[in-house]
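Trainee: here is a sequence with its predicted model. Questions after.
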Amino acid sequence: MNLRPAHPLAVSAALAVCVAAACSGVHVNLGDRPSGSGGHAEHPAGGAAAEVGGTRDQAGGTGGLLVDPDPGALCADGKHTTISGTVYDPAGKWPLYNAVVYVPHADGALPAFPQGVACEKCTEPVPARAVALSGPDGKFVLEDVPAGRLDLVVQLGKWRRKQAISVLPCQDNPLSDSNLTRLPRTRLEGDIPKIALSTGHSDALECLLRKIGIADSEFTTDTGGGRVNLFVGCKGDDDGPFGANKFAARLGGAKFPSTNQLFDSGTLKQYDVVIFSCEGHKCDTIQTPENVAQLVDFANSGGRVFLDHNHYNWLNHADAPIESAAQFSSSPNDIQSPLPTKINSDQFPKGAAFAEWLLNVEASTTLGTLDIYAAKTSVQSLSPNRAQSWIYRDDEPKGHFYLTINTPVAVEDDDPAPEACGRVVFTDLHVSKSGGGDAVDFSDQDTPFPDGCTSSVLTPQEKALEFMLFDLSSCVQRETSTPMTPPIK
C-alpha cells in the first residue's frame, strides 16, 4: 500500500515523526529510492535508519510515507526547507565551479548518458524537483526541497554521483561532509566520462588525473574496463626515447597501445574527452591529414580535446576554419620562472569566476593573477570570434597561456560563432616542473605507471589545470555567457 498523506493533519504528523526522529539521532527513511544509473546511494553517517511504512509496489517503485512535494506550503513565518553545501572534486579536496546540484524526482531514477561523443548543451533540462549551480567557491543552495529521505545528485557534464541524505523541514540542511557532495572516484560510485589520454615525455597529465581523485583502478588500456585509457604519445614512441609505455605490475603489466591505434581502430568517438600530454616535440608522425580530420570531426560532434603545449600542431595541421582560431609558433626556452600572468575577466563571466576560484583555492595571492612555472609562449595571436583567452600577458614575453575553442567554429572572421557542441582547450601550462624545484611528476618509458607520479599535492599551476579539465567536461555554452541554472523536467 502506498501511504501518501492526503490531509494536512497527516502531513503535520509525518513532519512531527521526522523531526522527533532527527532529534533523537535517528534518520527517518521515507521510502528507499532505487539508485538508478550512475552509481549507488551511500548511507550517511550519524545514526540508524528507521523505515516508516515502506512497501514496494509492483512497478518497482517505492511505497512508504512521502512528504508533500510543496514544502513551502508547510512552513510558517516565511521559513523554507533548503539544502546547502559545497561541490568537491573526486578527491574531496578542492571545490568545483559550475556543477549542477539537484534533487531528482521521487523515484530517484536518472537517465543514462549517451555512450560516446555527444552534443551536450547547457540548455538541456535535468530530471529534478529542485536544482542549483555551484559558484566560484563551490557552494550551492537548493531551495524549497521536500523533507525526509532524499537523493542528492551532483553533476558536471558526464561526471555524476548520487547520494542519499536526510532533510529536516522548514530549515536549512547544511552538508558539511565532502563525501556527500564530491564527484565519483570510480565507476562504481557514479558516472565518469570516458577519457583517452596520450602520454607525454615532457609532461604527466595522467598524474594530474590521479591527484584530482580518480582511482588507480580506472587507469587501464583500451581493452580494460577503466574510464581512463592510456596510449603512448606518438607513433613509434613505444620503442623510442619519448613517452611512458608500461603499467606497473600491480596494474597488470600491460603496455600502452600507440595513440595511432586510437585513430586507426575507429574508436575515437567512443570517448568523451581526449587529452594530449606534451611530448617535447610536435608529433608530426601521428598528425596525418586523416587523423587531424578525425579529431576535428570528434570536436565538432561534441567531443572535448585537451592540447598541451607542442600539441598545438594538431590545429596547425587542420583545415580552415579551426586552423585560424589561433596562430602558433615555437616558444623560446629562456622565459623567466615564475612568470606573472593575468586572468581575463573583462566581459567574460567564466573568466571572472576562474579568477575568484584561483583565489579561493590559494592558487593566487592577488585576484586576477597567476604565477606560472616553466612557461611557454606558443600562442602569438587568436581570432576573438573563434577562441577565448583565459590567461595572458600584455608585457613581454607576451602570449595567451590558456584558451578555449568552442566547436564548430565560425567559418569567416566576421561571422558570429555558431551554437557549439564541443570544445578544444589549448594550454602552455605544464604539470611537470609546475612548482619549480626538483620535485616533479614525470612520464617515461623506463618508469612504469604510476611510479612517475611522485607528488600528491597540487601546485597552484596544477590547480588552474584542474579547473580547466572540469570546465572542459562541463556542458557547452557561449564563452561570453553567464552560466545559468538548467531547466527542470
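Mentor: All right, it came through fine.

Trainee: mean confidence score for the strand or helix carrying Asn229?
Mentor: Under the criterion DSSP states H and E, the helix or strand holding Asn229 is strand 228-231. The pLDDT scores in strand 228-231 average 94.

Trainee: do the same with stretch 318-336
Mentor: Averaging the model's pLDDT scores along stretch 318-336 yields 86.

Trainee: what's in contact with that stretch?
Mentor: 292-293, 295-296, 299, 312-313, 315-317, 375-383, 386-387, 397, 400, 403, 405, 407-413, 424, 426, 428 (C-beta atoms under 8 Å, 6 or more residues apart in numbering). Glycine gets a C-beta too; all of them are placed from N, C-alpha and C.

Trainee: over to stretch 416-424?
Mentor: The set of residues that contact stretch 416-424 without belonging to it, under C-beta under 8 Å, 6+ apart, is 117, 119-121, 298-305, 307, 315, 322, 325, 385-386, 404-410, 472, 476-478.

Trainee: among those residues, which are located in helices?
Mentor: Here DSSP state H is the test, and these give 298-300, 315, 472 as lying in helices.

Trainee: thinking again about what came up before, could you spell out the sheet neighbours of the strand holding Asn229, each with its direction?
Mentor: Strand 228-231 sits in its sheet next to strand 195-198 (parallel), strand 219-220 (parallel), going by DSSP bridges.

Trainee: let me know which of those strands is the nearest to Pro483.
Mentor: Among these, strand 195-198 comes nearest to Pro483, with 22.8 Å by C-beta to C-beta.

Trainee: what's the offset of the closest one from the middle of its chain?
Mentor: Taking C-alpha atoms, centre = their mean, to the nearest Å, the mean C-alpha location of strand 195-198 is offset from the chain mean by 15 Å.

Trainee: what residues go with each domain of the protein?
Mentor: Using automatic domain parsing, the domains assigned to the chain come out as 8-180, 193-473.

Trainee: of the contacts of stretch 416-424, buried ones?
Mentor: Neighbour-count burial within the contacts of stretch 416-424 applies to 117, 119-120, 298-305, 307, 315, 322, 325, 386, 404-410, 472, 476-477; the criterion is 16 or more other C-beta atoms under 10 Å.

Trainee: residue ranges in the stretch 151-300 of the chain under the pLDDT threshold?
Mentor: 235-243, 248-251 (pLDDT under 70).

Trainee: can you show me the strands along it?
Mentor: Residue ranges of the strands in the stretch 151-300 of the chain, as given by DSSP state E, counting those that start in this stretch, are 159-167, 172-174, 190-191, 195-198, 219-220, 228-231, 273-276.

Trainee: may I see the ones you listed arranged in a markdown table, with distance to Asp151 and mean neighbour count as well?
Mentor: As requested, those are exported to a markdown table (distance: least, C-beta to C-beta, whole Å; neighbours: other C-beta atoms under 10 Å):
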| stretch | distance to Asp151 | mean neighbour count |
| --- | --- | --- |
| strand 159-167 | 5 | 24 |
| strand 172-174 | 14 | 16 |
| strand 190-191 | 12 | 24 |
| strand 195-198 | 26 | 24 |
| strand 219-220 | 29 | 21 |
| strand 228-231 | 27 | 26 |
| strand 273-276 | 26 | 26 |
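
Trainee: contacting residues around Val457?
Mentor: With the criterion set at C-beta under 8 Å, 6+ apart, Val457 makes contact with Lys211.

Trainee: which ones among the buried ones among the contacts of stretch 416-424 map onto strands?
Mentor: Among the buried ones among the contacts of stretch 416-424, DSSP state E puts 304-305, 307, 404-407 in strands.

Trainee: looking at these, which is nearest Pro460?
Mentor: Set against Pro460, the nearest of these by C-beta to C-beta is Thr404 (20.2 Å).

Trainee: chain neighbours aside, what residue packs nearest to that closest one?
Mentor: Setting aside the residues directly before and after it, Thr404 is nearest to Gln388 in space (C-beta to C-beta, 6 or more residues apart in numbering), at 5.0 Å.

Trainee: what's the neighbour count on that neighbour?
Mentor: For Gln388, the number of neighbouring residues by other C-beta atoms under 10 Å comes to 23.

Trainee: wait, it sits on Gln347?
Mentor: No: at 10.7 Å, Gln388 and Gln347 do not qualify as touching, with contact defined as C-beta atoms under 8 Å.
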